[in-house]
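1. my questions are about this predicted structure, shown below with the sequence.
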Amino acid sequence: MQNYNEKASVAKRLKGQQLSIPDMRPIFAHWPSEQNEHYHTVKDIVDKQIAEQPMKDEARRAFNNMNPSLLAARWWPRSSEENYRILIDLIIWFGYWDDLSESLAADPSAAENLRNATKVLGRQSFGLATPEEEVDISNPLVLGFRRIGEKICAVYDEEQRKTFLAHVEKYIDSTQLEGEAELSETLPSLKRYWEVRILTSGMGALLGVTEFAAEVKLPRHIVRSAVYESLWTTTIVINSIVNDLISFKKEMKAGSVLSSVAILYQQVDSLDAAVQMSVAHLKILVDEFDHTANILLSKFPLSPEEIESVSKVIDTLRMVNTGNLEWRFFAGEALWSLRLYNADRAD
C-alpha cells in the first residue's frame with residue numbers, strides 16, 4: 001500500500017467510461033440571463049488588443065478560444081460600456097496570472113516571489129501601499145493591473161477597495177494550496193475540497209467587482225453581514241459545480257482528477273450517481289440562494305434606494321452564474337453528452 005496512488009487509481013477506473021451531463025439550464029430558468037449590448041462593438045477592440053499583447057502564441061490562442069469579451073458580456077450584461085471594458089481587462093489579467101502561477105508550480109520559490117510581488121502591486125494599484133513598498137515585477141501583462149486598479153479606484157471608496165483587495169490577496173495566497181493539492185497523490189475529502197476550491201477558483205476576486213459592475217454601492221452593514229457572505233459563498237459553489245461538471249472531460253485529458261465529480265465517484269463508485277449528486281446539490285444551492293436573497297431584502301432595515309441597490313447586486317450575482325453556463329454553451333464547451341478521455345483513442 002505504500003506506493004498506492006489514489007488519484008492514478010481513480011483516473012484508471014474512469015478512463016473510457018460514458019459521461020452524460022443533463023442540461024443544467026432549466027435549473028436557472030427563473031434567473032435573469034442577458035448579454036451586454038456592447039459585446040459586438042467591444043469584442044473587435046479586445047481581439048485586436050490580445051493580438052498585440054507580448055504573449056506566447058499558445059496563450060494567445062487560449063484567450064481567443066476563451067473569448068473573454070463574451071464571458072464578461074454574459075456575467076455582467078448590465079454594465080456600461082466603459083465598465084464592461086475594465087471587467088474584460090480584469091478577466092484577461094486574471095486568466096493570464098492564474099496560468100503564470102500554475103506554470104511555476106515546480107518552482108516554489110519563484111511562485112512565492114510572484115505571489116508576494118503581485119500583492120504589493122495590488123496594494124499600490126488601489127492606493128493602499130506603504131511608501132517603501134516596491135513592485136518586483138517586469139511582466140507588462142501582470143503590471144496591467146495598475147490600469148484596472150486606477151479605473152476601479154475612481155468608483156470605489158477606501159473601504160470598498162480594502163474589501164476587494166482582501167479577496168484578491170486571499171486568492172493569490174490560495175494558489176499555494178492549489179499547487180500542493182495538485183501534487184498530492186490522494187484525493188481530499190469533499191469538505192476539504194470545497195474549503196480550498198472556494199478560494200482557489202478566484203471567484204472571490206472576480207465577485208469583488210460586483211458593486212462596480214452593478215454601478216451601485218451597498219450599505220456596509222449588508223456587506224459585512226453573515227447573510228451576504230452566505231449569498232457570496234453560494235454563488236461561488238454554484239459556479240464551481242457547473243465548471244466541474246462541464247470541464248470534467250478537459251480535466252481528464254490534462255490528467256487531473258482533482259474535481260468534486262471525481263471525489264464523489266470515488267465515494268459511490270458510479271459516475272452516473274456522482275453526476276446526479278452534483279446536479280442535486282446544484283438545485284439545493286439555487287434554492288438556498290433565493291432564500292438568502294429574500295432574507296437580505298426583507299429582514300434588513302433598508303431605504304427604497306438601498307433596496308434597489310441590493311436587488312441589483314442580487315441579480316448581478318445570479319447573472320454571473322446564468323452567464324457562466326451560457327458562455328460555456330455558446331463557446332462550445334457545454335456538450336451535454338461527453339465521453340471521458342481514453343488514451344487509446346484519438347479524441
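-> In hand now; what should we look at? Numbering: from 1, shown residues only.
2. from now on I want contacts and neighbour counts done on CA atoms only, so please keep to that.
-> Fine.
3. strands of the stretch 51-200 of the chain, residue ranges please.
-> In the stretch 51-200 of the chain, no segments count as strands under DSSP state E, counting those that start in this stretch.
4. at which residues are the helices of it located?
-> Ranges of helices in the stretch 51-200 of the chain, per DSSP state H, counting those that start in this stretch, are 57-66, 68-75, 81-103, 108-125, 140-143, 145-153, 158-183, 190-200.
5. got the angle between the longest one and helix 190-200?
-> Helix 158-183 and helix 190-200 are oriented at 130 degrees to each other (axes from the mean of the first three to the mean of the last three C-alpha atoms, to 10 degrees).
6. just checking, what packs against helix 158-183?
-> Contact here means 3 or more C-alpha pairs under 8 Å, 6 or more residues apart in numbering; DSSP states H and E; on that basis helix 158-183 packs against helix 108-125, helix 190-200, helix 203-207.
7. same check on the first one?
-> Secondary-structure packing of helix 57-66 (3+ C-alpha pairs under 8 Å, 6+ apart): helix 39-52.
8. what does the last one give?
-> With contacts defined as 3+ C-alpha pairs under 8 Å, 6+ apart, the packing partners of helix 190-200 are helix 158-183, helix 226-246, helix 260-268.
9. can you redo those helices as TSV with distance to Trp194 and mean neighbour count?
-> Output for the helices and strands packed on helix 190-200, formatted as TSV (distance: least, C-alpha to C-alpha, whole Å; neighbours: other C-alpha atoms under 10 Å):
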stretch	distance to Trp194	mean neighbour count
helix 158-183	12	18
helix 226-246	8	19
helix 260-268	8	20
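10. distance to Glu112 and mean pLDDT added to these, as TSV?
-> Output for these, formatted as TSV (distance: least, C-alpha to C-alpha, whole Å; pLDDT from 0 to 100):
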stretch	distance to Glu112	mean pLDDT
helix 158-183	8	91
helix 226-246	25	96
helix 260-268	27	95
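11. which one of those helices lies nearest to Gly16?
-> Nearest to Gly16, of all the helices and strands packed on helix 190-200, is helix 260-268, at 14.1 Å by C-alpha to C-alpha.
12. packing partners for that closest one?
-> The helices and strands touching helix 260-268, judged by 3+ C-alpha pairs under 8 Å, 6+ apart, are helix 190-200, helix 226-246, helix 271-298.
13. give the other helices and strands that the longest one contacts.
-> In this case it means helix 271-298. The contact analysis (3+ C-alpha pairs under 8 Å, 6+ apart) places helix 271-298 against strand 18-20, helix 226-246, helix 260-268, helix 304-330.
14. tell me which residues of the last one come out buried.
-> Of the residues in helix 304-330, those scored as buried under the neighbour-count criterion (16 or more other C-alpha atoms under 10 Å) are 306-307, 309-328.
15. again, but for the first one
-> By neighbour count, with 16+ other C-alpha under 10 Å as the criterion, the buried positions of strand 18-20 are Leu19, Ser20.
16. mind listing what's buried in stretch 49-60?
-> Across stretch 49-60, burial judged by 16+ other C-alpha under 10 Å covers Ile50, Arg60.
17. now swap in stretch 140-154 and tell me
-> For stretch 140-154, the neighbour count (16+ other C-alpha under 10 Å) marks Val142, Leu143, Gly144, Phe145, Arg146, Ile148, Gly149, Lys151, Ile152, Cys153 as buried.
18. pull it out as CSV, backbone CA atoms only.
-> Only the C-alpha atoms of stretch 140-154 are listed here, as CSV (Å, rounded to 0.1, in the frame of the first residue of the first chain):
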residue,chain,number,x,y,z
PRO,A,140,3.9,44.1,-18.7
LEU,A,141,0.8,41.9,-18.7
VAL,A,142,0.9,41.5,-14.9
LEU,A,143,1.6,45.2,-14.5
GLY,A,144,-1.5,45.9,-16.4
PHE,A,145,-3.4,45.5,-13.1
ARG,A,146,-2.4,49.1,-12.4
ARG,A,147,-4.7,50.4,-15.1
ILE,A,148,-7.6,48.2,-13.9
GLY,A,149,-7.0,49.5,-10.3
GLU,A,150,-7.0,53.1,-11.5
LYS,A,151,-10.4,52.7,-13.1
ILE,A,152,-11.9,50.9,-10.1
CYS,A,153,-10.4,53.4,-7.7
ALA,A,154,-12.3,56.1,-9.5
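19. got a markdown table for the helices of the stretch 51-200 of the chain, with distance to Trp232 too?
-> Shown next, in a markdown table, are the helices of the stretch 51-200 of the chain (distance: least, C-alpha to C-alpha, whole Å):
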| stretch | distance to Trp232 |
| --- | --- |
| helix 57-66 | 25 |
| helix 68-75 | 15 |
| helix 81-103 | 18 |
| helix 108-125 | 22 |
| helix 140-143 | 27 |
| helix 145-153 | 20 |
| helix 158-183 | 12 |
| helix 190-200 | 10 |
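20. still on that earlier bit, so which of the helices and strands packed on helix 271-298 comes closest to Ala110?
-> Closest approach to Ala110 among the helices and strands packed on helix 271-298 is made by helix 226-246 (27.9 Å; C-alpha to C-alpha).
21. next, the angle helix 304-330 makes with the closest one.
-> Using the same axes, to 10 degrees: helix 226-246 against helix 304-330 is 10 degrees.
22. give me the nearest residue to the spatially most central residue of the chain, chain neighbours excluded.
-> Nearest to the mean C-alpha position of the chain, by C-alpha atoms, centre = their mean, lies Met203 at 3.7 Å. Closest residue in space to Met203, ignoring its immediate chain neighbours: Ile236 at 6.0 Å, by C-alpha to C-alpha, 6 or more residues apart in numbering.
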